[in-house]
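Undergrad: Give me coordinates for this.
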Amino acid sequence: MGVILTDQGEIEAPARALIIVAHPDDIDFGMAGTVAALTSAGCHVAYCLATSGEAGDDDMSHTPEELAAMRQAEQTAAAAKVGVSELHWLGHPDGMVVADLGLRRDIARVIRIVRPDAVLCQTTIPNWDHIYISHPDHLATATAAMAAVYPDSRNPRAFPELLDEGHQPHNVSEIWLIGTEPNRWIDITDNFGRKVEALRAHRSQTAEMDDLEGRLREWAADTAAAGSLPSGRLAEAYRVVPAG
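TA: Here you go, the predicted structure:
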């Protein structure tokens, strides 16, 4: 397995990683540079999306079903830009995600299928300085993901129907949370262009944004500076939580 560059130098990439988020484009705004670094290092990365984004456009000329299909296609194209071809769609209602037992079961199933070493997800903690980060779907999906990592995916008595389906328990070693109290910064400088390409694939969300690349570069530069990376570097940041 190859290495990825962090604020603490090179570290070995996990062999397998699962990204769990609420909506199409959440991964690409928050983590696509990291995903590109991981896949370049030989890590197998899979995506798990709670919704298909059918409430994510003010253009009422599209039906929810049409918008869901559009956004799934955009996310699939974006994933390909950063080396990902395995996507799991859970089909929970966009804008109404609840961290209930059904979502926990659905995420635990995907964890048992993918069997990742690391799970990357959104934060469970609202940030009132950045209201978009604190979308209730983000918080609910992250809360369910944390419960699915521990204890659900590893506990054979949790959701026994998963055993009936042939999905054996699995222990995740680490959780990487975005949006809260980071303790690891991933250098994405060499993969920044792939992050931009991934976000441009989300045409329904980004086509009208002024200077998308400039905004992304500014955010990534600020993140790198917060992690004390050298001047000119770009980064994404995580709170890494041991889970093994």
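Undergrad: Quick one: distance of the longest strand anywhere in the chain to the chain centre.
TA: Criterion DSSP state E: the longest strand present in the chain is strand 235-242. Strand 235-242 has its average C-alpha position 12 Å from the chain's average C-alpha position, going by Cα atoms, centre = their mean, to the nearest Å.
Undergrad: Can you pull out the residues in contact with that strand?
TA: Outside of strand 235-242, the residues within contact range by Cβ atoms under 8 Å, 6 or more residues apart in numbering are 7, 30-31, 33-34, 120, 123, 173-178, 180-189, 220, 223-224, 226-227, 229. Just so you know, the C-beta spots here come from the backbone N, C-alpha and C atoms, and that holds for glycine as well.
Undergrad: Using just helix, strand and coil, how would you label Gly102?
TA: Following DSSP: H, G, I helix; E, B strand; the rest coil, we place Gly102 in the helix state.
Undergrad: Contacts only, for it.
TA: By Cβ under 8 Å, 6+ apart, the contact set of Gly102 is His92.
Undergrad: Distance-wise, check it relative to Thr63.
TA: Applying Cβ to Cβ, to the nearest Å, the value for Gly102 to Thr63 is 25 Å.
Undergrad: same question, Val21
TA: In this view, Val21 and Thr63 are 24 Å apart by Cβ to Cβ.
Undergrad: more neighbours, those two?
TA: Higher neighbour count among Val21 and Thr63: Val21, with 27 against 10, using other Cβ atoms under 10 Å.
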